[in-house]
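>>> only geometry, no sequence info:
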Ligand code: SF4
């Protein structure tokens, strides 16, 4: 009996936590998806799906906390730890710019020695060298780590990082924003600390995204509380540009060896659609093709998502845990077109980016030709 809840959302009324629970408990994901698609079309251009060309740079894998769902981190002092030099970071940015990229998503482990000055140095050097290139960096756990090392409050840190060149902040480290779950799987910052960092970022004028990684032992009630906390903060600050849910990637992780059931494709699509319906104050919902695969990522565009995320020139964190999906710009544009939309590059703040010669990319139908060739071979 979910139709009255969907009608309520379609009438522009706000859903309650109980409504959200009922939707997540329902198996009628097609009906929920149709409503989410309708709301998506009202909030964003119904003909367009956006994507970004950027790169994840993980400046270090050294991390002084333990998350049982993470296959990326290395404890300080272990032989396979690394910290990228400035030259290595710049080489990666040069390559991104050559591919039409507009920014970088830079995150790392929680290094025990990196204070606020280390991060200011990194940002100001990059900002001086690439003044028009967007620096979308760090996450609440990293900011919390700086606050412990440098003994500064979150707002001071965010202001100093902004002054050094930070353009916006990703919503990493959210996982499930409920300490009942978080404390079982991680020793990183608490739910309240994550939210407080985000509030501080928004207060100094930075926009951020918000994420959710589910399937880490959470139940529906935890997912609902997560969404409620994002919506409440967004009511206060309006600082979130987008919400990005994805499912736990289990390979090579301690948690993955314990978990027996993982979210299905339908769980993912339903979570995406319910996010669109419940988060009535968040403009963009992003499909996570990297974790779900390009085909489910494409289907997500009809379940409430209006954005396809990044072409992901480099990714090290979820790929270490088994998400080995790959796509270049042509692949993403093809998937978007075949879902019935016009692909549109954007920057990190969702402004449209128009490059010369982009039509040539679309006119080159190598993907279609490739598929025909496979069909004939069959
Ligand atoms: S998820 Fe982040 S904070 Fe947790 S262990 Fe991995 S790198 Fe460290």
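Sure, I can see it. The model shown is predicted, which means the values in this text are computed figures rather than measured ones.
>>> what parts of the stretch 101-250 of the chain come near the ligand?
Counting by C-beta under 6 Å from any ligand atom, the stretch 101-250 of the chain comes close to the ligand at 109, 110, 141, 186, 188. Bear in mind the C-beta positions are built from the backbone N, C-alpha and C, glycine included.
>>> surely residue 239 is in contact with residue 209?
No. The pair residue 239 / residue 209 is not scored as a contact, 9.8 Å apart, by C-beta atoms under 8 Å.
>>> the nearest residue to residue 298 once chain neighbours are set aside: neighbouring residues, count only.
Nearest residue to residue 298 in three dimensions, chain neighbours excluded: residue 335, at 4.4 Å (C-beta to C-beta, 6 or more residues apart in numbering). Residues lying near residue 335 (other C-beta atoms under 10 Å) number 24.
>>> quick one: list the elements packing against the helix or strand where residue 335 lies.
Per DSSP states H and E, residue 335 falls inside helix 329-338. When contacts are defined as 3 or more C-beta pairs under 8 Å, 6 or more residues apart in numbering; DSSP states H and E, helix 329-338 sits against strand 48-52, helix 294-300, strand 307-310, strand 342-346, helix 358-363, helix 366-377.
>>> I'd like the average pLDDT over the last one.
The pLDDT scores in helix 366-377 average 51.
>>> repeat that for the third one.
Over the span of strand 307-310, the pLDDT mean works out to 95.
>>> do the second one as well
For helix 294-300, mean pLDDT is 96.
>>> low-confidence ranges in the chain?
312, 314-319, 322-324, 364-378 (pLDDT under 70).
>>> partner residues bridging the residue most central in space within the chain?
In the chain, the centroid-proximal residue (C-alpha atoms, centre = their mean) is residue 244; its distance is 4.6 Å. Going by DSSP bridges, residue 244 is paired in beta bridges with residue 211.
>>> so where's the longest helix in this protein?
In the chain, taking DSSP state H as the definition, the longest helix is helix 220-237.
>>> stretch 24-33: how far from the chain's middle?
Offset of stretch 24-33 from its chain centre (C-alpha atoms, centre = their mean, to the nearest Å): 23 Å.
>>> so for that stretch, what gets flagged as buried?
Across stretch 24-33, burial judged by 16 or more other C-beta atoms under 10 Å covers 24, 26, 29, 32, 33.
>>> likewise for stretch 146-164?
For stretch 146-164, the neighbour count (16+ other C-beta under 10 Å) marks 146-147, 149-150, 152, 154, 157-162, 164 as buried.
>>> repeat that for stretch 41-52.
Buried residues in stretch 41-52, counted by 16+ other C-beta under 10 Å: 43, 44, 49, 50, 51, 52.
>>> wait, the third one sits on residue 341?
Yes. Counting by C-beta under 8 Å, a contact exists between residue 49 and residue 341, whose distance comes to 4.1 Å.
>>> which residues are common contacts for the two?
Common neighbours of residue 49 and residue 341, counting by C-beta atoms under 8 Å, 6 or more residues apart in numbering, are residue 301.
>>> show me where the stretch 51-200 of the chain has strands.
Ranges of strands in the stretch 51-200 of the chain, per DSSP state E, counting those that start in this stretch, are 54-58, 103-107, 134-137, 168-169.
>>> out of those, nearest to residue 9?
strand 168-169 (28.5 Å; C-beta to C-beta).
>>> how many residues are close by residue 38?
A count of neighbours around residue 38, defined by other C-beta under 10 Å, yields 17.
>>> how many neighbours does residue 354 have?
Neighbourhood size, residue 354 [other C-beta under 10 Å]: 7.
>>> contacts only, for it.
By C-beta under 8 Å, 6+ apart, the contact list for residue 354 reads residue 345.
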